[in-house]
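*Asks:* got a predicted model here, sequence first, then my questions.
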Number of protein chains: 2
Amino acid sequence: MKAKSGASLAAMPRYVQLATTLLNEIQAGKFPVGSLLPTEHVLCQQFGVSRFTVREAIKLLVQQGLVNRQPGVGTRVQANAPTGQYTQTMSGLTDLQQYAVETSLEITRHHIVEIDANLAKGLCASPGETWLEIEGLRYAPGQPLPFAWTRVHIAPRFRALKGLQSRMDQPLYVLIEQQFGCKIQVVHQEIKAVTLSNELARQLKVPPKSAGIWLQRRYMDTHDELVEQAINIHAADRFTYRESFRRDFVTLPGTLSSGKF
Amino acid sequence: MKAKSGASLAAMPRYVQLATTLLNEIQAGKFPVGSLLPTEHVLCQQFGVSRFTVREAIKLLVQQGLVNRQPGVGTRVQANAPTGQYTQTMSGLTDLQQYAVETSLEITRHHIVEIDANLAKGLCASPGETWLEIEGLRYAPGQPLPFAWTRVHIAPRFRALKGLQSRMDQPLYVLIEQQFGCKIQVVHQEIKAVTLSNELARQLKVPPKSAGIWLQRRYMDTHDELVEQAINIHAADRFTYRESFRRDFVTLPGTLSSGKF
DNA sequence: GAGTGGTCTAGACCACGAA
DNA sequence: TCGTGGTCTAGACCACTCG
């Protein structure tokens, strides 16, 4: 029904073309970050396609973190570039679980702490707030030596968390989700190498000055507010972080003239 | 049309129920790994739902890595547990790109090598095969000091790779994909901490015995065969690995009686 | 040529959020 | 109450694989 301009893009499914068009319009500033995209109904009329096609297109944008959707509200622009500033090509599953599954956390200490200026920065919190702080060691099953030291901070609104035991076999964030009905939507992770402090080397029972992996996870809820931050420090020889990425979704062409459609 | 058994699951969308049912049947051994699931058409009839519902259900299974699909062939069971053996909850985008984008690789050496027994193990190759080996240093833009040392091995069938320059601004796998028309479908990644060797510390210009990040990536094609393996070793203070996970798909309930459906 | 999954249409009902 | 996105139906055509 619509004349194809004769690009390689014309061979792609309509919903990819539509997603590309929308991406370009977002990047062109037609739909600024924070604004609402036209509703599905409007897009259907505007582009002369069915709702299915529109939804598939928007699904692509959601997958790339460009927009998010809320029933009863609409489709809100979240970013103007496909996550990570460039052609995002990979997606897939991860062994985020490798932690709490098949390992257990022995809690050595937990108490309410007042956030000082130092901590406040890392937690994006205000000094003076009172957070729940938990420290412990992680063990692999059947291993006598711990493979990681852990310190967790839990936001004030969840500090009344119940169900902490000296030995935890499930992730803390699951406990929080269950008790407070909140949903973890995003987890940010950072990994770097460190030289273990003497104190840590002692606790992990490795030689002083050993290398270690520092791994931080920040759990955010649906309003993008920090729920829990965990820092794990691992003895180098007892921990490898593994993950796999699968290329399973359509990659949108970079910038691209979309013609009429 | 179907009586609800009165579980909390009954409140979930049909396609989640269906996905759960299929998951349970896979785990029960009704559809062994490697076998084909019934076709969409059959599932429609069998469960009295439309193709849309069936496809949404299978989409969930695909997202969890349980099955893969091939047009003209069918839906093949790939695994019998949601990736990582337990409640798989996260999925999302990653900054796999952070490497080659905005950084450049200075190649110091590249040549064809014969694989010895030692290398063969890591590459899942046979001793005697001849692979392309590339070594170099990675620089961040504007930084005089390299932040990583890199060694790459490229499988025999791609060893005729052209286009290697002393300075590479795009990932090697992109070059391979372009020249040989192969598609990278899966990337496996491993990260661990190491103490830098004297030689490496010298090349990266950091003090001896410094901690470093060891990062390996294995790029697999659509036939799950190794195309490229890269090992990157980073000075601890010049590199942080960041990624984010977004929970954007429905989580299937763990094990669960599915009743009749 | 028969059958597969991929794409697409034109409807429909629902829960939920905003006014 | 009205409009949103989420779910769902019952069709359709296509490119592809396989026998």
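*Replies:* Yep, it's here. Numbers count the residues shown, from 1 in each chain, chains lettered A, B, ... in the order given.

*Asks:* wait, A:E190 touches A:L215, no?
*Replies:* Yes: assessed by Cβ atoms under 8 Å, A:E190 is found in contact with A:L215 at 7.3 Å. C-beta: built from backbone N, CA, C; applies to glycine.

*Asks:* surely A:L137 forms part of a helix?
*Replies:* No: remark: A:L137 does not belong to a helix; assigned using DSSP: H, G, I helix; E, B strand; the rest coil, it is strand.

*Asks:* show me the contacts for it.
*Replies:* For A:L137, the contacting residues are A:105-106, A:108, A:146, A:148-150, A:203-204, by Cβ atoms under 8 Å, 6 or more residues apart in numbering or on different chains.

*Asks:* among those, name the buried ones.
*Replies:* A:105, A:146, A:148-150, A:203-204 (16 or more other Cβ atoms under 10 Å in any protein chain shown).

*Asks:* next step: those restricted to strands.
*Replies:* Among these, the ones falling in strands (DSSP state E) are A:105, A:146, A:148-150.

*Asks:* need the residues you listed in TSV (columns: pLDDT and distance to B:G136).
*Replies:* Listed next are those as TSV, based on pLDDT from 0 to 100; distance: Cβ to Cβ, whole Å:
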residue	pLDDT	distance to B:G136
A:L105	91	40
A:P146	89	37
A:A148	91	33
A:W149	95	35
A:T150	95	36
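
*Asks:* want to throw these into JSON lines with distance to B:A140?
*Replies:* Converted to JSON lines, these look like this (distance: Cβ to Cβ, whole Å):
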{"residue": "A:L105", "distance to B:A140": "36"}
{"residue": "A:P146", "distance to B:A140": "35"}
{"residue": "A:A148", "distance to B:A140": "29"}
{"residue": "A:W149", "distance to B:A140": "30"}
{"residue": "A:T150", "distance to B:A140": "31"}
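
*Asks:* in chain A, which spans are helices?
*Replies:* Taking DSSP state H as the test, the helices found in chain A are A:14-27, A:40-47, A:51-63, A:117-123, A:172-180, A:198-204.

*Asks:* centre of the chain to the longest one, how far?
*Replies:* In this view, helix A:14-27 has its centroid 24 Å away from the chain centroid, taken as Cα atoms, centre = their mean, to the nearest Å.

*Asks:* with stretch A:57-77 instead?
*Replies:* Chain-centre distance of stretch A:57-77: 16 Å, with Cα atoms, centre = their mean.

*Asks:* which parts of that stretch are buried?
*Replies:* A:57-68, A:75, A:77.

*Asks:* stretch A:40-55 now?
*Replies:* A:40, A:43-44, A:47, A:49, A:53-54.

*Asks:* just for the stretch 101-250 of chain A, where's the confidence low?
*Replies:* Within the stretch 101-250 of chain A, the stretches with pLDDT under 70 are A:101-102, A:185, A:222, A:244-250.

*Asks:* which parts of it are strands?
*Replies:* Taking DSSP state E, counting those that start in this stretch, the strands of the stretch 101-250 of chain A run over residues A:104-114, A:130-139, A:146-154, A:167-168, A:184-195, A:211-221, A:226-235, A:241-246.

*Asks:* ok, residues contacting stretch A:170-182?
*Replies:* Outside stretch A:170-182, the residues that touch it by Cβ under 8 Å, 6+ apart are A:97, A:99-100, A:105, A:134, A:152, A:154, A:157-158, A:161-164, A:183-184, A:219, A:221-222, A:227-228, A:230.

*Asks:* among the residues you listed, which ones are buried?
*Replies:* Those of the contacts of stretch A:170-182 that meet the buried threshold are A:97, A:99-100, A:105, A:134, A:152, A:154, A:158, A:161, A:184, A:219, A:221, A:227-228, A:230, by 16+ other Cβ under 10 Å.
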